[in-house]
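>>> I'll drop the sequence and a predicted model, then ask my questions.
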Amino acid sequence: MKAFNLLLGTACMASIALAQAAETLTVATVNNADMIRMQRLSKTFEQQNPDIKLNWVVLEENVLRQRLTTDIATQGGQFDVLTIGMYEASLWGDKGWLAPMTDLPDDYDLDDVFPSVREGLSVDGTLYALPFYAESSMTYYRTDLFEQAGLQMPEHPTWTQMAEFAEKLHKPGEDQYGICLRGKAGWGENMALVTTVANAFGARWFDEKWQTEFDGPEWTKAAKFYVDLLSRYGPPGASSNGFNENLALFNSGKCAMWVDATVAGSFVTDESQSKVADKVGFTFAPQETTDKGSAWLYSWALAIPTSSQQKDAAKTFTAWATSKDYAKLVAETDGVANVPPGTRESTYNEQYMAAAPFAEITLESLKQADPASPSAKPVPYVGIQLVTIPEFQAIGTQVGKMFSAALTGQMPVEQMLTAVQQSTTREMKRAGYPK
Amino acid sequence: MLTLKQSRRLNTLVVGLFAWAVALLLFFPIFWMLLTSLKTEIDAFATPPQFIFTPTLENYLHIQDRSGYFKYAWNSVTISFGATALGMLIAIPAAYSMAFCETKRTKGTLLWMLSTKMLPPVGVLVPIYLLAKQFGLLDSRAVLIIIYTLINLPILVWMIYTYFKDIPRDILEAARMDGATLLQEMLRVLLPISKGGLASTMLLSLILCWNEAFWSLNLTSSNAAPLTALIASYSSPEGLFWAKLSAVSTLACAPILIFGWISQKQLVRGLSFGAVK
Amino acid sequence: MATTTTALPKAPASNASPQPAERRRPRLAPSWFLVSPSVVLLLLWMLVPLAMTLYFSLVRYNLLYPGEKDFVGLENFHYFLTDAGFIPGMTNTLILVGSVLLISVVLGVLISALLEAADFAGRGIVRVLLISPFFIMPTVSALVWKNLIYHPVSGILAAVWKFFGTQPVDWLAQHPLASIVIIVSWQWLPFAILILMTAMQSLDQEQKEAARLDGAGPIAIFWHLTLPHLARPIAVVVMIETIFLLSVFAEIFTTTSGGPGYASTNLAYLIYNQALLQFDVGMASAGGLIAVVIANIAAIILVRMLGKNLTEKY
């Protein structure tokens, strides 16, 4: 009898344990260094939460975006946690495809997150994604080369000044290029930078009636300047250089100046990957006639699709990965300079500011970025280096390819702008704008 | 004046030199990829490109640590072999009847089969995705096996058909006159004769399945992801990872490459057209 | 044994004895039964997605606005055909397919001839090296070529150019289509070599000897004896390669993304642009159907040209 009871008891215990078997979350993310770090450190999360297991799908940004959009639009249900940007968060949250981020753990401290970042990820006041890191853009320059040439980098340089510096610092024979800028075609690649240049020159993507102004004076000036600057004082093959390529060039000492995402700050000062780690200076992204929209705002955030079957577990994970505890964990294991930047006020404490020379400019740039007012002229859209409408991906990429073509000398800038004007107008008309 | 023997030797030497030069040139990119996988990241991006450096296995270790190679490799293996087996099972009978019982409609059917390959996969992504979702087949190896079988079927049928056509009917007639049934005829006579051709068709199917990068990326997420997905997770990251990329590429291509090297003798023997005696 | 002194001997006649007509009839029943699984499957595979594609091509369906599915007739087709990238896409597709076919067949024949010309040391290894590129994933090849070879700062070609004192060429930016043709040819040349090499091995050595004894030079032998024998394998190579070359996608996606401008966009990439970048399923479906039509036209032309060689024995 006793043996039988024991057996029964054991069976019950076993079945209870089985009933509480691990939930498996499928997490989709980009293969950026910070995300890969998150993947590595998530083993700690799994230890703390033994009933949640994580499966990772890591892809390159464009492929990930395409994959996620296909899945979420068909309600495929393949993923439980998505890594998306402000662009998708706004669009998909609006369509009700994302679960609202309510009922967060008490110690999450949502007020610690920067308002502009929170805004960018919300629709009508409801937050649809938790920010993992946020970035703006800034100028990186080689302090040693500037000193050698007797030049001084002002705190708020203009693009004209940058051109002057580039001319003096361009020594292709010595594998030294005046300035490195994005040239690779893509709405998130070269167009992010080109748009900030255009904004700085006072241009905008669409006027209040959703008409484009590519053949207007501001865009013409900005486009000519960009193409001229990069083709004369940039590295060879600039038209296929995106963030990665430019980072590699800067890290191997080939660029005198570089204007790009603030996240590069921790990479260019990392001795294990940068040959010039101790020779980097930081300042704001260049402006020209205005400083509005001269630095972009972007954030990678974690969201939960409504088609997920494990929303609670997913919420636990997303809250953990974007929490202060996670930041502490990164600081302990990888050094405080590698904490995911740009999302929380608490990140920018004394220790961080001391360890990360780029932190101050990043912080200021993030605070000044205002997606609701990205240009000197009024605009009907939200977004500094992008336009938050669904059609923008295609339009942006198309324009990006044209700029790339102009950069390689395949077509003169005016012709390119006319072509871009035509194709964009055509797209907008098909999409039914103005709506 | 050279003797005949000497001129033959010279001929061989010259031919040999040329052939080796061409082969090394053609193989160079693969060699370079292998070399780069053994460098550190800084070395990999160095100018001028370095042939001499301290080799390291850190890239391979990193990959295993971060992604776990074997799960992906196993998926690739099961999917490729599964689809090949299924494909051959369906294709051989079809090719048999097309080769030996040719009707007026045979040519047309063949061409129609080939034309099913003309639709770019991108165009049917959404319909297939919706279908897969409907049947609960998303992120399963089964769905890839089914799709690969279907997309390779035309090629398999057509290649096997070409081999079968070269086989003289007398041999089959002889077997049937000995009282063999259709199945026996096929198994005991046909397959051994066309062994080489079938082997090369199977190899082609394996290669096509192993390297297929569109459906494998779009229809799987974590459970059924094959090696092509592993490559995708390392390509063009933020921060250049050329050395790691080379390492993961080597890991992904090595199995099929080695398999191909081993079986290439079979292949060579089997691809002879019109030499069945 | 050479006995004639006239023209070069032709290939031996078919060794199948003529079948009496009566023998053929009983075979029809099993043939239908055997072929049908594959036919039925392919039919299903073709029809179901094809029907869906047809349906989608006639509506306006954008993934980002899944609720709206209004019927718009031929508007998608019209929009696709009038896209600025359509004509470049078509021309580039034809150039890509034609160039790769030319390179792989011509070089394939020459290299196979080289391999057969003499039994030199290490011929087996040379063979293995030559067929290796075919096993590499297209994405991997594209990445290796793009980053390690073509890159104008730290690629191998840049180093070679710099060694000779000239500015390195930015291959993918200045010669995008040509660069991609080279990558794709590199991948498919081994396939051609494989098929042609084995076909050459089956060439009757006796005939060759006979011709040589008759005083024919190596070039004449090649032209009149080897090439006709290779007609069928070449047809096989052309047929298979065309099918795959028409939908080259991974290489373009990884290297140039169809740019700069439309310089390296082919039809498959154009459809990708519509389908996935704009999430316009309607347009993608329309584009897919147009691609099928174009591909079928190309196939019919090809088969007309090569048909005899594909299905007949000699």
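Received it, and whenever you're ready, just let me know what you need.
>>> Does the residue nearest to the spatial centre of chain C belong to a helix, a strand or coil?
In chain C, the residue lying closest to the centroid (CA atoms, centre = their mean) is residue C:241, at 1.9 Å. Classification of residue C:241 using DSSP: H, G, I helix; E, B strand; the rest coil returns helix.
>>> How far does the helix or strand hosting residue B:17 sit from its chain's centre?
Here residue B:17, judged by DSSP states H and E, is contained in helix B:4-37. Offset of helix B:4-37 from its chain centre (CA atoms, centre = their mean, to the nearest Å): 25 Å.
>>> mind listing the helices in the stretch 51-200 of chain C by residue range?
Remark: helices assigned in the stretch 51-200 of chain C by DSSP state H, counting those that start in this stretch are C:75-81, C:86-117, C:123-131, C:138-143, C:156-163, C:171-174, C:176-201.
>>> would a markdown table of those helices with distance to residue A:319 be doable?
(C-beta placed from N, C-alpha, C; glycine too.) What follows is the helices of the stretch 51-200 of chain C, written out as a markdown table (distance: least, CB to CB, whole Å):
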| stretch | distance to residue A:319 |
| --- | --- |
| helix C:75-81 | 43 |
| helix C:86-117 | 46 |
| helix C:123-131 | 53 |
| helix C:138-143 | 36 |
| helix C:156-163 | 48 |
| helix C:171-174 | 43 |
| helix C:176-201 | 45 |
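>>> Return the member of those helices having the minimum mean pLDDT.
Note on the helices of the stretch 51-200 of chain C: helix C:171-174 shows the lowest mean pLDDT, a mean of 80.
>>> sorry, back to before: helix C:156-163 and the helix holding residue B:17, what's the angle between them?
If you take axes from the mean of the first three to the mean of the last three CA atoms, to 10 degrees, helix B:4-37 sits at 110 degrees to helix C:156-163.
>>> Just the closest residue of chain C to chain B, please.
residue C:288 (2.2 Å; CB to the nearest CB).
>>> Please tell me how far that residue sits from residue B:117.
13 Å (CB to CB, to the nearest Å).
>>> Likewise for residue C:278?
25 Å.
>>> more crowded one of the two?
The neighbour count for residue C:278 versus residue B:117, taken as other CB atoms under 10 Å in any protein chain shown, is higher for residue C:278 (24 against 21).
>>> Find the residue closest to the more buried one in space, skipping its chain neighbours.
residue A:394 (3.7 Å; CB to CB, 6 or more residues apart in numbering or on different chains).
>>> and the one you found, what does it touch?
A:427, C:273, C:274, C:277, C:278, C:280 (CB atoms under 8 Å, 6 or more residues apart in numbering or on different chains).
>>> Would you agree the second one falls within a helix?
Yes - in this structure, residue C:273 lies within a helix as judged by three-state DSSP.
>>> okay, now residue C:84: neighbour count?
Neighbour number of residue C:84 under other CB under 10 Å is 15.
>>> ok now do it, which residues does it touch?
A:419, A:422, A:423, C:262 are the contacts of residue C:84 under CB under 8 Å, 6+ apart.
>>> can we see that at 10 Å?
A:398, A:402, A:419, A:422, A:423, A:426, C:261, C:262 (CB atoms under 10 Å, 6 or more residues apart in numbering or on different chains).
>>> My guess is the second one contacts residue A:410. True?
Yes - the pair formed by residue A:402 and residue A:410 meets the contact definition of CB atoms under 10 Å, at 9.4 Å.
>>> what does the stretch 51-200 of chain C have sitting close to chain A?
Within the stretch 51-200 of chain C, the positions near chain A by CB under 10 Å from any CB of the partner chain are C:60, C:62-67, C:75-76, C:79, C:82-85, C:146-147, C:150-155, C:158, C:162, C:167-174, C:176.
>>> Please repeat the previous calculation with a cut-off of 7 Å.
C:63-64, C:66, C:79, C:84, C:151-153, C:167-168, C:170, C:172-174 (CB under 7 Å from any CB of the partner chain).
>>> got the residues of the stretch 51-200 of chain B near chain C?
Going by CB under 7 Å from any CB, the residues of the stretch 51-200 of chain B near chain C are B:90-91, B:93-94, B:96-98, B:100-101, B:107, B:109, B:111, B:113-120, B:122-128, B:150, B:153, B:155, B:157, B:162, B:165-166, B:168-170, B:182.
>>> From these, list the ones also adjacent to chain A.
Within those, those near chain A by CB under 7 Å from any CB are B:125, B:126.
>>> Next one, pLDDT for residue 310 please.
Picked chain A for this. 89.
>>> look at chain C instead
pLDDT, read off for residue C:310, is 52.
>>> I'd like to know how many residues surround the closest residue to residue C:261 other than its chain neighbours.
Distances taken as CB to CB, 6+ apart place residue A:405 nearest to residue C:261, at 3.5 Å, with adjacent residues excluded. Using other CB under 10 Å as the criterion, residue A:405 is surrounded by 23 other residues.
>>> got the buried residues for the helix or strand containing residue A:405?
For residue A:405, the host element (DSSP H and E) is helix A:392-407. Neighbour-count burial for helix A:392-407 flags A:392-407 (criterion: 16 or more other CB atoms under 10 Å in any protein chain shown).
>>> One more: stretch A:256-272?
Neighbour counts over stretch A:256-272 (16+ other CB under 10 Å) mark A:256-270 as buried.
>>> How far does that stretch sit from its chain's centre?
On CA atoms, centre = their mean, the centre of stretch A:256-272 falls 14 Å from that of its chain.
>>> now the end-to-end length of that stretch.
End-to-end distance of stretch A:256-272: 20 Å, with CA to CA, to the nearest Å as the criterion.
>>> That stretch and chain B, are they touching?
Yes - remark: stretch A:256-272 sits within contact range of chain B at residue A:267, by CB under 7 Å from any CB.
>>> if we look at stretch A:210-218, which residues are touching it?
A:198, A:201-207, A:219, A:380, A:417-418, A:420-421, A:424-425, A:428, A:433-434 (CB atoms under 7 Å, 6 or more residues apart in numbering or on different chains).
>>> Dump the helices of the stretch 51-200 of chain C into a markdown table; add distance to residue C:45 and mean neighbour count as well.
As requested, the helices of the stretch 51-200 of chain C are arranged in a markdown table below (distance: least, CB to CB, whole Å; neighbours: other CB atoms under 10 Å in any protein chain shown):
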| stretch | distance to residue C:45 | mean neighbour count |
| --- | --- | --- |
| helix C:75-81 | 23 | 20 |
| helix C:86-117 | 24 | 19 |
| helix C:123-131 | 31 | 20 |
| helix C:138-143 | 23 | 24 |
| helix C:156-163 | 43 | 16 |
| helix C:171-174 | 36 | 24 |
| helix C:176-201 | 25 | 23 |
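>>> With respect to residue A:144, which of the ones you listed lies nearest?
Across these, residue A:144 has its closest neighbour in helix C:156-163 (24.4 Å, CB to CB).
>>> For the closest one, which outside residues touch it?
By CB under 7 Å, 6+ apart, helix C:156-163 touches B:32, B:47-49, C:148-152, C:167-169, C:171.
>>> Lovely, talk soon.
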